[in-house]
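K.L.:
sequence and predicted structure are below.
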Amino acid sequence: MCGFQGAWCESGFDHGFRERWHKSRNVLSHRGPDGTGDLDEGTLLLLFHRLAILDLSDRANQPMRSRDGRLVIAWNGELYNYLELRRDYLDDSFRMAGDTEVALAMLSRFGLTALAMFRGMFAFALWDMRDQVLTLGRDRFGVKPLYWSRRGNSILFASEIKSLLELGVPSTPNLQMIGKYLLSGRTEEGTATFFDGVNRVESGVYLQFRGGSSAPTSTRWYELLRSHESFEGSREEASSELVRVLTESCELHTRSDVGFAVNVSGGVDSSLLLSLSEKFASSGVRMFSVDYPGTRYSERTYVDSLLIDNPSRTVSYSECDQNSMFAMLDDAVWSQDEPFGGIPTLAWYSHFERVRAQGFKVVLDGSGLDDLLAGYLKHVIAAYATSAIRLESGTLSEIADAWGLRLETVSEMYHTFGKEERAIDGTTGVMPELCRIPSISSEHATETHSFLEHLANSFGSSKLYGALRFKDRASMWRGIELRVPFVDHKVAEFCLSLPAEYLVKDGQGKSLLRGAVGNLIPARLAFAAKRSVQSPQREFMTVGPFADALFETLENPSELLSEAIDVPRALNYVASLQHQPPPNSNPLWQWLNLDRWARRFLK
C-alpha cells in the first residue's frame, strides 16, 4: 500500500515545473510514511511513498526496475496470490519476500495479459523505457485509486487528485458531475471527477500513452459478466462452495508481514469476516468498531456479543459524538478530494486514528457481500420486479414485515423499480427540484433486464465505488491499509452465478449465506434482520454544529453553491424543519459538503 505521483513529457520538464514537483513532494506522504523513492529519467518523473506491509526491507522499495532494466513500476496495493504466481511462473532466483517484484516480473514476462492472473487490489504506473510507453492501470473493482490529467505537453498522474492540483492542474469544477451528484447522489461516474480536466482511470481498465498520441488508448481488461456461468448444483452444494470461496479469499487477504485487525459492527458480514480471519491469524484478532454512545445507533450490544462467543477476542471502540465528528470535517474534505457520502465517513477518521495508535497497519473490512448476495431491500424488490422469482399474493406484505416497513412503501418501491433510487428505508436521498444545473443523462447508465444484471450493476455501482474511495482516503490519511476480502473477483463471479431463489427467501436477502455460515457464526447473528440506519446523520444535520454550519452556509453560500442549487428555497426548507429530522438528510449534507469542498479547492 502506498501513494505515488508521476509526470511524463517527451520534451522534458522546464525549471518551473521541476520547482512545482519539488514543492509537491509531501502531498501524499500520509499514504506512505515508511519511506520515499524517486525516479528521474529526464522525460519521466516518479515519486513513491511507501507503507511497508510485505517484505519490510529496503530491497522492496519503489519505484522498482525489472531485471533487464526495460520496465519501471510504481505499484500501489497488494498482489495477494504472489506466492502462487512466483511458484508457478517464475524461477527460484526471485528472492524478495514481497509482491511488487512478482507483479513486475509477471508483466515483464507476459505483458499486460498477466493482469488476468492477478488477484488483488492495485493501481500502477508502468514505464517501458525501450518503447517509450506509459501504462496506467487499476484492479478489477477499483479498490485502489488512480487519476490523470494532461497539462500542456505533459501527462500527470497520481493516487490522489490533490497531487495533480499541486502540479498545476487547474481546480475548475466539473458542473456535469456536480449536477449528477445533486440529482442522483452519485459521487463516482466512469472517468469523470468533480474537477474538469481530471480523469479517473476506471476499474478493470488500463490506459497507454505513446509519443505523439493526442489521447491514450483504453483497454478494458476485466468485465464481471464477460464469462458468466450459472451454478447448476443444489442449494447444499452452493452453500459449501460459498464458504470455500469466502474462506480462500480471506486466507489470501490475511497475508501480511505486519499484524492485522478487523472492522466489526456485529452484523452478519463483519462477524463472518472475523470468524474466517481468525483461522489464519497467528494470535488473537483485534476488533475495532465505531460507536455512537447513548444513541439508538450504537452497535455496541451486537459487537459485545462477539466477545461472548470467544473470550480471547478483544475490541476497541471509537466513540463518536457530534462535536468530535464536526471537528474532522475540514480535514476530511481535504483528504477526500471530492464530495463524499455523508457524516458516517467522518467517523472513519477517528476510527482509523485509534487503529494506528494501537499499532496496526492493516485492517480487514467486510464490504461487498450485500450487493453480491442481495442483502439490501432494493435487491429483494428486484428479484420479483425482474421476474427472477414469481410474485405471489402476500409477497409484498412478507417483505414489509421482514424489513419493518409499511406495505405502501414496499409496494411503491416495487412499482417504481428501475425508475428511481431509494435508500434502504424506502426514502429518497435527493431533492432534484432544488438543483439549478440541467439534468444530464448518465453516460454509464445500464438498463437492467434481469436480476443478475441488477446485482452486477449494483456491485459495480457508484455507491460501492464511492464507499471504497471514502474508506481508502480515511484509512490512508492515518497510514492504514484497508483490505476488502469480499470485493474479490472469485467471490463476485461465484455469487453472481447463483439463482435468485438461493438468495431471496421469506422477504429477506442473503438467504444462502445465512444458512451456510451456521458453523462459523451464531444463529442470532446469521439470521438477524438487516439494520437499516447506522448513523445519527438525520439528527446531526438538524440540531447542533452541523445544522448551524448548514444554516450559515445557506445564508452566505459560495459562488458554486449559488450556481448549483436554489439557495433561497433550500434555506426555506431547512427553516421549515424546525429542528425536526427530515425523512432523508442526504440533501442537507450535499449542500454543506459541496460548499465546504468549493471553498477548499476552487480558486
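P.N.:
Right, received. Where do you want to start?
K.L.:
from here on, contacts and neighbour counts on C-alpha atoms
P.N.:
Fine.
K.L.:
buried residues, the helix ranked longest in the chain. List them.
P.N.:
Longest helix of the chain, by residue count under DSSP state H: helix 235-253. Under the neighbour-count criterion of 16 or more other CA atoms under 10 Å, helix 235-253 has 235, 238-239, 241-243, 245-247, 249-253 buried.
K.L.:
which one of these is nearest to Tyr349?
P.N.:
Distance to Tyr349, by CA to CA, is smallest for His253 among these, at 22.6 Å.
K.L.:
is the closest one in contact with Leu79, as I believe?
P.N.:
No. With contacts counted by CA atoms under 8 Å, His253 stays clear of Leu79, the gap being 9.4 Å.
K.L.:
for the chain, which spans come out with low pLDDT?
P.N.:
1, 94-95, 212-213, 420-427, 439-448, 462, 531-533 (pLDDT under 70).
K.L.:
and the residue nearest the centre of it?
P.N.:
By CA atoms, centre = their mean, the chain has its centre lying nearest to Leu468, at 0.8 Å.
K.L.:
ok, it touching Val143?
P.N.:
Yes. Taking contacts as CA under 8 Å, Leu468 lies within contact range of Val143: 6.0 Å.
K.L.:
what's the closest non-adjacent residue to Tyr89?
P.N.:
In space, and not counting its chain neighbours, Tyr89 is closest to Met106: 7.8 Å by CA to CA, 6 or more residues apart in numbering.
K.L.:
what residue of this protein is the furthest out?
P.N.:
Ser393 (38.7 Å).
K.L.:
now do that one against Tyr384, distance only.
P.N.:
In this view, Ser393 and Tyr384 are 12 Å apart by CA to CA, to the nearest Å.
K.L.:
now do Met64
P.N.:
52 Å.
K.L.:
for the residue lying closest to Cys250 once chain neighbours are set aside, give me its contacts.
P.N.:
Closest residue to Cys250 apart from its sequence neighbours, by CA to CA, 6+ apart: Pro485 at 5.5 Å. Residues in contact with Pro485, defined by CA atoms under 8 Å, 6 or more residues apart in numbering, are Leu246, Ser249, Cys250, His253, Leu364, Asp365, Gly366.
K.L.:
does the fifth one have beta-bridge partners, and which?
P.N.:
The one in question is Leu364. Beta bridges link Leu364 to Val262, Arg483 when assigned by DSSP bridges.
K.L.:
for His253, see how far away it is.
P.N.:
From Leu364 over to His253 (counting by CA to CA), the distance is 8 Å.
K.L.:
which residues do the two both contact?
P.N.:
Residues touching both Leu364 and His253 (CA under 8 Å, 6+ apart): Arg483, Val484, Pro485.
K.L.:
next, give phi and psi for Ser108.
P.N.:
Backbone torsions for Ser108, taken as degrees, to the nearest 10, come to phi -70, psi -40.
K.L.:
an error on my part: the question was meant for Arg600.
P.N.:
phi -80, psi -40.
K.L.:
residues contacting it?
P.N.:
Taking CA under 8 Å, 6+ apart, one finds Val333, Trp334 in contact with Arg600.
K.L.:
likewise Gly479?
P.N.:
His30, Arg31, Gly32, Pro33, Leu51, Arg356, Lys361.
K.L.:
list the contacts of the first one.
P.N.:
To tie it back to what came earlier, the one meant is His30. Neighbouring residues of His30 by CA under 8 Å, 6+ apart: Met476, Trp477, Arg478, Gly479.
K.L.:
can you check the last one too?
P.N.:
Residues in contact with Lys361, defined by CA under 8 Å, 6+ apart, are Ile53, Val258, Gly259, Phe260, Val355, Gly479, Ile480, Glu481.
K.L.:
chain neighbours aside, what residue packs nearest to Leu207?
P.N.:
Ser218 (4.6 Å).
K.L.:
wait, doesn't that neighbour sit right on Tyr206?
P.N.:
Yes. With contact defined as CA under 8 Å, Ser218 reaches Tyr206; the gap is 6.0 Å.
K.L.:
more neighbours: which of these two?
P.N.:
Using other CA atoms under 10 Å, the more surrounded residue of Ser218 and Tyr206 is Tyr206, with 24 against 16.
K.L.:
how does the protein divide into domains?
P.N.:
2-220, 224-533, 537-601 (automatic domain parsing).
K.L.:
what separates the second one from the chain centre, distance-wise?
P.N.:
When you say that, I think you mean domain 224-533. Between the centre of domain 224-533 and the centre of its chain there are 11 Å (CA atoms, centre = their mean, to the nearest Å).
K.L.:
what segments of the stretch 451-600 of the chain are helices?
P.N.:
451-459, 462-477, 489-495, 500-503, 511-516, 523-526, 537-540, 545-555, 559-564, 567-576, 586-601 (DSSP state H, counting those that start in this stretch).
K.L.:
which strands or helices does the fourth one pack on?
P.N.:
Secondary structure elements in contact with helix 500-503, counted by 3 or more CA pairs under 8 Å, 6 or more residues apart in numbering; DSSP states H and E, are helix 511-516.
K.L.:
packing partners for the helix it packs on?
P.N.:
Using 3+ CA pairs under 8 Å, 6+ apart, helix 511-516 is in contact with helix 235-253, helix 500-503.
K.L.:
can you give me the buried ones in it?
P.N.:
Ser511, Leu512, Leu513, Arg514, Ala516.
K.L.:
okay, and which of the contacts of Gly479 map to helices?
P.N.:
Arg356.
K.L.:
identify the residues contacting stretch 491-505?
P.N.:
Outside stretch 491-505, the residues that touch it by CA under 8 Å, 6+ apart are 224-225, 228-231, 235, 238, 242, 245-246, 249, 372-374, 380, 383, 388-389, 451-452, 455-456, 486, 509-513.
K.L.:
gap between the two ends of it?
P.N.:
Here the two ends of stretch 491-505 are set 21 Å apart, with distance taken as CA to CA.
K.L.:
buried residues in that stretch?
P.N.:
In stretch 491-505, the ones that count as buried by 16+ other CA under 10 Å are 491-500, 502-505.
K.L.:
quick one: contacts for Val201?
P.N.:
Leu136, Gly137, Arg138, Pro145, Leu146, Tyr147, Trp148, Thr191, Leu207.
K.L.:
write the PyMOL selection for whichever of those residues are buried.
P.N.:
Applying 16+ other CA under 10 Å to the contacts of Val201, the buried members can be selected in PyMOL as follows:
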select buried, resi 136+137+138+145+146+147+148+207
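K.L.:
which one of the contacts of Val201 sits closest to Ser159?
P.N.:
Proximity of these to Ser159 (CA to CA) peaks at Leu146, which lies at 4.6 Å.
K.L.:
returning to what we had before: of the contacts of Gly479 - the most surrounded one?
P.N.:
Neighbour tally across these (other CA under 10 Å): the maximum, 28 neighbours, falls on Arg31.
K.L.:
was I right about that one contacting Leu482?
P.N.:
No. Applying CA under 8 Å as the test, Arg31 and Leu482 come out as separate, 11.7 Å apart.
K.L.:
doesn't the residue nearest to Tyr89 lie inside a helix?
P.N.:
Yes. Counting by DSSP: H, G, I helix; E, B strand; the rest coil, Met106 is found in a helix.
K.L.:
isn't it right up against Ala114?
P.N.:
Yes. Taking contacts as CA under 8 Å, Met106 lies within contact range of Ala114: 6.0 Å.
K.L.:
report how many residues lie close to Ala158.
P.N.:
27.
K.L.:
cheers, nothing more for now.
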